[in-house]
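> Mind looking at a prediction? Sequence and model below.
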Amino acid sequence: MNIVVLVKQVPDSGAERTLSASDNTVERGSASNVINEMDEYAIEEALKIKEAHGGEVTVLTVGPSGATDSIRKALSMGPDKAVHVSDDALHGSCAVATSKVLAAALGTLNADLILCGAESTDGRVQVVPHMLAERLGVAALTGARKLTVDGSQLTIERQTDEGYEVVTASTPAIVSVWDTINEPRYPSFKGIMAAKKKPLQSLSLGELGVAADEVGAAGATSQVLEWTKRPARSGGAKVIDEGTGGEQLVAYLATEKFV
Amino acid sequence: MAEVLVVVEAGVKKVTLEMLTIARGLGEVSAVVFGEADQAKLAEFGAAKIYTASGADVLDHGAAPKATVVAELVKRVSPAAVLLASTQEGKEIAGRLAVKLDNGLLTDAVDLAADGTATQVVFAGSTIVKSKVTKGLPIVTIRPNSTTPVAAAASPAVEELTVAVSDSDKLATVTQRVAEQKGSRPELTEAGIVVSGGRGVGNADNFKLVEELADLLGGAVGASRAAVDSGYYPHQFQVGQTGKTVSPQLYVALGISGAIQHRAGMQTSKTIVAVNKDAEAPIFELADFGVVGDLFKVVPQAADEIRKRK
């Protein structure tokens, strides 16, 4: 099975994140950029499927040149090769434009199965898998907590608010996964060394036939007008329980009219 | 006045009423209902028109056929905006709709002004952003608990949409829907009160304490990622970065340290209270009221006290 895993590099969600003061895009210049965590689960799932059914795993990333770090880290887990779409014109692209570029790149890769994380930790928009399915005319199985592959038949358990749904489709398909689906492996030393020599193909927008004014700020379909930092919350009263902590808590809730 | 389409997934949730309330500021409200919905409720909150689409072709194939239905309606009635709920499927329909119409979209808005400017809260609740769709009409998903629903009675005309769903919209099929136990508690993202447990709860069995307090307060139960990863509580109740974002009137954090990934999902809550045995836990930096103590002593005592006051 030919599997492509979508990997996004994002600012570390454990660090201070901000928008750029100059153009209101996500500030990606800081040193703490990482693989979007949920994508590691997609990589793990791809590797497990390859181990069970054979095939090849390709990492696909759209992002600035610095995203190479995250691509090499992704490869160190075990995928065979990577494709990196990088172009200065991509800066400030919206989800609609990003999906256009990803779809163009996927058009060159002939994937049976496209795997990705259910959301990124920066935008948390969750729309790209269905946008790609729409553009590519393939099935979308999204929000999977379990994926079963039986020949060309895919079945997922889709997490819902009420429980789960069983959803099926045939390949080619795109499947997005939650972090409940598996436990991603840590790259081995051997994996890290091997990753340095794995093929990494760079593609420009021109090579994909996407015009520069269809992406980035020029092609954006939405725009951030302004942003402000929310005032930080400050802690209020803190009592140490000396036998009446529960009662004091309820007394507070009563003054706030919750009880 | 132009129509504003409000997409209603099965049933009428609180976020539906919030969307109807917000939509009234942008035009004449038309609800687009997939499957069954309480039409009287939609009328009570100002739906001047109700479009319905049902049948297995529309309902059993995820977002794709629903997006087609909405896209065709958009082409027919040229609405001023399309509002959807910030649920998994709401966002999926919105994403497909944006591609179909070559249109912008904005997700997780907490407000939408008459001129189409959306307010979003991003980066773990630390930053407020005002954005606008600059290509096409505003397609915006609204986060639950964004506004207080206000009734405005209308007498809607109901139109049943007949849609021919193509095979390309039926590539994925829902074969089974399994409800996992939630009891009669409110939906996590819509609840006015959320009581969450973390690693400090210790095991799955002890989550009964969290549930008991939630039930006494009429709230929903949530869990931190640490608790979910440890198998104490199911993932659909996870609050934080890789789970749900909640914004209730009251958030009660029990045995939760308050890592930034958890705060991402709850720090826009109106009032936050916390019980944790570690006085240095970061959750106390957010809590309006904190109790440093053993939750196995504090929570049962609080539960008894609430019963006494009832």
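Yep, it's here. Note that the coordinates shown come from a computational prediction; the quantities given were computed from them, not determined experimentally.

> Looking at the stretch 151-300 of chain B, which residue is nearest chain A?
Taking C-beta to the nearest C-beta, chain A has its nearest neighbour within the stretch 151-300 of chain B at B:Gly293, 2.6 Å off. (Glycine included, C-beta is placed from N, CA and C.)

> what's the burial count for the nearest residue in space to that residue that is not next to it in sequence?
In space, B:Gly293 comes closest to A:Asp241 once its chain neighbours are excluded; the distance is 2.6 Å by C-beta to C-beta, 6 or more residues apart in numbering or on different chains. A:Asp241 sits with 20 neighbouring residues when counted by other C-beta atoms under 10 Å in any protein chain shown.

> Could you double-check that A:Asp241 lies in contact with B:Leu295?
No - with contact defined as C-beta atoms under 8 Å, A:Asp241 does not reach B:Leu295; the gap is 9.4 Å.

> rewinding a little: residues in contact with the residue of the stretch 151-300 of chain B closest to chain A?
Neighbouring residues of B:Gly293 by C-beta atoms under 8 Å, 6 or more residues apart in numbering or on different chains: A:Ile240, A:Asp241, A:Gly245, B:Val275, B:Lys277.

> ranges for the strands of chain A?
Applying DSSP state E to chain A gives strands spanning A:2-6, A:9-11, A:33-35, A:56-62, A:81-85, A:113-117, A:139-150, A:153-159, A:163-170, A:173-177, A:200-203, A:222-229, A:237-240.

> and the angle for the fourth one with strand A:81-85?
Orientation of strand A:56-62 against strand A:81-85 (axes from the mean of the first three to the mean of the last three C-alpha atoms, to 10 degrees) gives an angle of 20 degrees.

> Does anything pack onto strand A:56-62? Which helices or strands?
strand A:2-6, helix A:37-53, helix A:68-76, strand A:81-85, helix A:95-107 (3 or more C-beta pairs under 8 Å, 6 or more residues apart in numbering or on different chains; DSSP states H and E).

> For burial, what's the neighbour tally of A:Thr18?
Residues contacting A:Thr18 under the criterion other C-beta under 10 Å number 15.

> in the chain, what spans have low per-residue confidence?
All of this refers to chain A. With pLDDT under 70 as the threshold, chain A has low-confidence stretches at A:30-31.

> you looked at the wrong chain, it should be chain B
Along chain B, the parts satisfying pLDDT under 70 run over B:181-183.

> Let me see the contact set for the residue most central in space within it.
Central residue of chain B (C-alpha atoms, centre = their mean): B:Pro144, 3.8 Å from the mean position. Residues in contact with B:Pro144 (C-beta under 8 Å, 6+ apart) are B:Lys13, B:Lys14, B:Val15, B:Glu18, B:Ala85, B:Ser86, B:Glu187, B:Thr189, B:Glu190, B:Ser247.

> ok so, going back, name only those of the contacts of B:Gly293 that count as buried.
Applying 16 or more other C-beta atoms under 10 Å in any protein chain shown to these, the neighbour count classes A:Asp241, A:Gly245, B:Val275, B:Lys277 as buried.

> Contact partners for the last one?
Spelled out, that is B:Lys277. Neighbouring residues of B:Lys277 by C-beta under 8 Å, 6+ apart: B:Gly200, B:Gly255, B:Val292, B:Gly293, B:Asp294, B:Leu295.

> Which of the residues you listed fall in helices?
Members of those lying in helices (criterion: DSSP state H): B:Leu295.

> Throw the helices and strands packed on strand A:56-62 into a markdown table and include distance to B:Thr107 and mean neighbour count, thanks.
What follows is those, written out as a markdown table (distance: least, C-beta to C-beta, whole Å; neighbours: other C-beta atoms under 10 Å in any protein chain shown):
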| stretch | distance to B:Thr107 | mean neighbour count |
| --- | --- | --- |
| strand A:2-6 | 18 | 24 |
| helix A:37-53 | 16 | 21 |
| helix A:68-76 | 24 | 21 |
| strand A:81-85 | 23 | 20 |
| helix A:95-107 | 8 | 22 |
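
> Nearest to A:Gln126, out of the ones you listed?
Closest to A:Gln126 of those, according to C-beta to C-beta: helix A:95-107, at 9.4 Å.

> Centre of the chain to the closest one, how far?
14 Å (C-alpha atoms, centre = their mean, to the nearest Å).

> anything in it sitting right up against chain B?
Yes - using C-beta under 8 Å from any C-beta of the partner chain, we find that helix A:95-107 touches chain B at A:Ala95, A:Val96, A:Ser99.

> Ignoring the adjacent residues along the chain, who's closest to the closest residue to chain B within the stretch 1-150 of chain A?
Closest residue of the stretch 1-150 of chain A to chain B, C-beta to the nearest C-beta: A:Val127 (3.1 Å). Using C-beta to C-beta, 6+ apart and skipping residues adjacent in sequence, the residue nearest A:Val127 is B:Gly95, 3.1 Å away.

> Check B:Ser224 too.
Setting aside the residues directly before and after it, B:Ser224 is nearest to B:Gly198 in space (C-beta to C-beta, 6+ apart), at 3.9 Å.

> thinking again about what came up before, so the residue nearest to the centre of chain B is in which element?
B:Pro144 belongs to no helix or strand when assigned by DSSP states H and E.

> what two of the contacts of B:Gly293 are the furthest from one another?
Greatest spacing in the contacts of B:Gly293, by C-beta to C-beta: A:Ile240 and B:Val275 (11.5 Å).

> what do these two both touch?
Residues touching both A:Ile240 and B:Val275 by C-beta under 8 Å, 6+ apart: B:Val291, B:Gly293.

> Can you get me a residue count around A:Gly54?
A:Gly54 has 8 neighbours, counted by other C-beta under 10 Å.
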